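sequence and computational prediction follow.
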Amino acid sequence: MSKAFVPTAAKPGVITANDLREGHNVWMCEDGWTADPARATIFEDEAIADLALLKAVGQSNIVVGPYLVEARRGPDGPEPTHFREAFRQRGPSNYFHGIQAAKQATAKQTEASNV
């Protein structure tokens with residue numbers, strides 16, 4: 001396996017992939033896979049991350065293209081450090097629906113409550 005990123009305590013990582021059937025982005029969590037990146041398991045140890053990545057690769061009946069990516073600890077869970085991962089979390093860009101619509105609705109509610 002090629003190593004583009006090696007997690008450490010200073011630069012932790014998460015494992016992400018695409019759901020095989022639905023195609024949406026998912027993150028490895030304690031009990032399998034989640035569409036909520038805030039629930040992703042954070043890896044700080046290279047060996048543990050490698051074992052988890054091997055497990056993810058072995059789940060080809062569930063996900064495709066799993067990889068380890070750098071993340072930072074945020075107040076609500078892991079947050080992306082690279083624009084590509086932030087973009088992936090917003091959902092598909094080919095049309096406005098699903099994750100994008102839900103996030104915009106939440107943002108509008110938050111904005112309205114701050115007025």
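Right, received. Where do you want to start?

okay, helices next: where are they in this protein?
Ranges of helices in the chain, per DSSP state H, are 46-57, 83-89, 98-113.

just say which of those helices is most tucked in.
Of all the helices of the chain, helix 46-57 has the most neighbours on average by mean count of other CB atoms under 10 Å, namely a mean of 16. Any C-beta I mention is one placed from the backbone N, CA and C, and that applies to glycine too.

what sits up against stretch 67-79?
Residues outside stretch 67-79 that contact it (CB atoms under 8 Å, 6 or more residues apart in numbering) are 4-5, 7, 11-17, 27, 37-40, 42-43, 49, 53, 80-82, 85.

now these: which count as buried?
Listed as buried from those are 5, 7, 12-17, 27, 37, 39-40, 43, 49, 53, 80, 85; burial here means 16 or more other CB atoms under 10 Å.

could you save the helices of the chain as TSV and add columns showing mean pLDDT and distance to Ala71?
Converted to TSV, the helices of the chain look like this (pLDDT from 0 to 100; distance: least, CB to CB, whole Å):
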stretch	mean pLDDT	distance to Ala71
helix 46-57	96	11
helix 83-89	74	8
helix 98-113	68	18
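
JSON lines for those, including distance to Glu22?
JSON lines is the format used below for the helices of the chain (distance: least, CB to CB, whole Å):
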{"stretch": "helix 46-57", "distance to Glu22": "17"}
{"stretch": "helix 83-89", "distance to Glu22": "14"}
{"stretch": "helix 98-113", "distance to Glu22": "10"}
